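Q: Quick one, structure for this:
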Amino acid sequence: MDYVETGTGQPSVEVLPVRDVPLGGPRSMTVRRTLPQRGRTLIGAWCFVDHYGPDDVADTGGMDVAPHPHTGLQTVSWLFTGEIEHRDSLGVHAYVRPGELNLMTGGHGISHSEVSTPATTVLHGVQLWVALPGQHRHAPRDFQHHAPTAVPLPGGEARVFLGTLAGDTSPVSTFTPLLGAELTLRPGATVTLAVDPAFEHGLLVDRGTLDVSGTTLAPADLGYLAPGAAELTLTNTASTDAVAVLIGGPPFGEEIVMWWNFIGRTDADIRQAREDWEHGDRFGEVQGYPGERLPAPELPNVPLKPRGNRS
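A: Presented below is the predicted three-dimensional model:
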């Protein structure tokens, strides 16, 4: 990864590398993953960043993720184009649409399916996970929806789906302080945002090119900024609109074990969750999905080790 010291008093930016991975089992689609990775497990409580599209559904087949489980986390679904049908074992049947937040809590255990709708021609968005802190990692299942209003910025706008930014606060509740927002900047625009200096931040560029403290972030780049800065200045250096997702939160301070769709604290947590998915009723049932649920992959023969961020 690249680490850039600005030497100007502005926050330093670490550019995290991206890798392509298949998502969704046998009918998988390819996504670009920037978190977690070897050098960084978390940004605040954010522990997973997948970025996909724009995909022509006629060529790719779109998204068809059969019922699968989650523990110890919240899923954050955010679309730029397209539509996804969501069903879960809480009994929620909802749709993910551009500019609308769907946040699902899978503390002790939930299962859900995700399928792009027949009306979707281009699928394009992000899938994010938030690790639950130890005292809340067995929280009951929950689902929240929020459609934030666009907040004007100099030369652009923000849609704040979690936390507070640019004078707007999301009503969605979280278990740790979080920031999540979509930012749009017109060509040549510069904006300085007041941010919480106790937060670390990640800026995922969807399209366009953004200059952040002298560092250029291209599409699919995730720039990491350590705590300490009270302002974040962004400039769109492209000839088209730039769109990015800004995430943040205070350093998490706990080590976690992530494997498949589970987050725990020990190897035993994960092995129990897998056993419960394969043979128990911990995760409930998803009604209305036309197919079988996803089987859990085989666990490795060696113990899974907890991971946090490097010191």
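Q: Pull out the buried residues from stretch 116-134.
A: 116-117, 120, 122-133 (16 or more other Cβ atoms under 10 Å). Backbone N, C-alpha and C define where each C-beta goes, glycine included.
Q: again, but for stretch 281-297
A: Under 16+ other Cβ under 10 Å, the buried positions of stretch 281-297 are 282, 283, 284, 286, 289, 293, 294, 296.
Q: Out of those, name the two that are farthest from one another.
A: 282 and 289 (18.3 Å; Cβ to Cβ).
Q: rewinding a little: JSON lines please, covering the buried residues of stretch 281-297 and showing pLDDT.
A: Formatted as JSON lines, the buried residues of stretch 281-297 follow (pLDDT from 0 to 100):
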{"residue": "282", "pLDDT": "98"}
{"residue": "283", "pLDDT": "98"}
{"residue": "284", "pLDDT": "97"}
{"residue": "286", "pLDDT": "98"}
{"residue": "289", "pLDDT": "97"}
{"residue": "293", "pLDDT": "96"}
{"residue": "294", "pLDDT": "96"}
{"residue": "296", "pLDDT": "97"}
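Q: Quick one: those as JSON lines, columns for secondary structure too.
A: What follows is the buried residues of stretch 281-297, written out as JSON lines (DSSP: H, G, I helix; E, B strand; the rest coil):
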{"residue": "282", "secondary structure": "coil"}
{"residue": "283", "secondary structure": "coil"}
{"residue": "284", "secondary structure": "coil"}
{"residue": "286", "secondary structure": "coil"}
{"residue": "289", "secondary structure": "coil"}
{"residue": "293", "secondary structure": "coil"}
{"residue": "294", "secondary structure": "coil"}
{"residue": "296", "secondary structure": "coil"}
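Q: just the helices in the stretch 51-200 of the chain please.
A: Along the stretch 51-200 of the chain, counting by DSSP state H, counting those that start in this stretch, helices occupy 57-60.
Q: now the chain, which segments are flagged as low pLDDT?
A: Residues of the chain meeting the criterion pLDDT under 70: 1-10, 24-28, 310-311.
Q: Extract the CA atoms of stretch 159-172 and return them as PDB.
A: What follows is stretch 159-172, C-alpha atoms only, in PDB (Å, rounded to 0.1, in the frame of the first residue of the first chain):
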ATOM      1  CA  ARG A 159     -26.300  12.300   1.700                       C
ATOM      2  CA  VAL A 160     -25.600  11.400   5.400                       C
ATOM      3  CA  PHE A 161     -26.900   7.900   6.100                       C
ATOM      4  CA  LEU A 162     -25.100   7.400   9.400                       C
ATOM      5  CA  GLY A 163     -23.800   9.900  12.000                       C
ATOM      6  CA  THR A 164     -23.400  13.600  11.500                       C
ATOM      7  CA  LEU A 165     -21.800  15.600   8.600                       C
ATOM      8  CA  ALA A 166     -22.300  19.000   7.000                       C
ATOM      9  CA  GLY A 167     -25.000  20.000   9.500                       C
ATOM     10  CA  ASP A 168     -27.100  16.900   9.000                       C
ATOM     11  CA  THR A 169     -27.600  14.000  11.400                       C
ATOM     12  CA  SER A 170     -29.000  10.600  10.500                       C
ATOM     13  CA  PRO A 171     -31.800   9.300  12.800                       C
ATOM     14  CA  VAL A 172     -30.500   5.700  12.400                       C
END
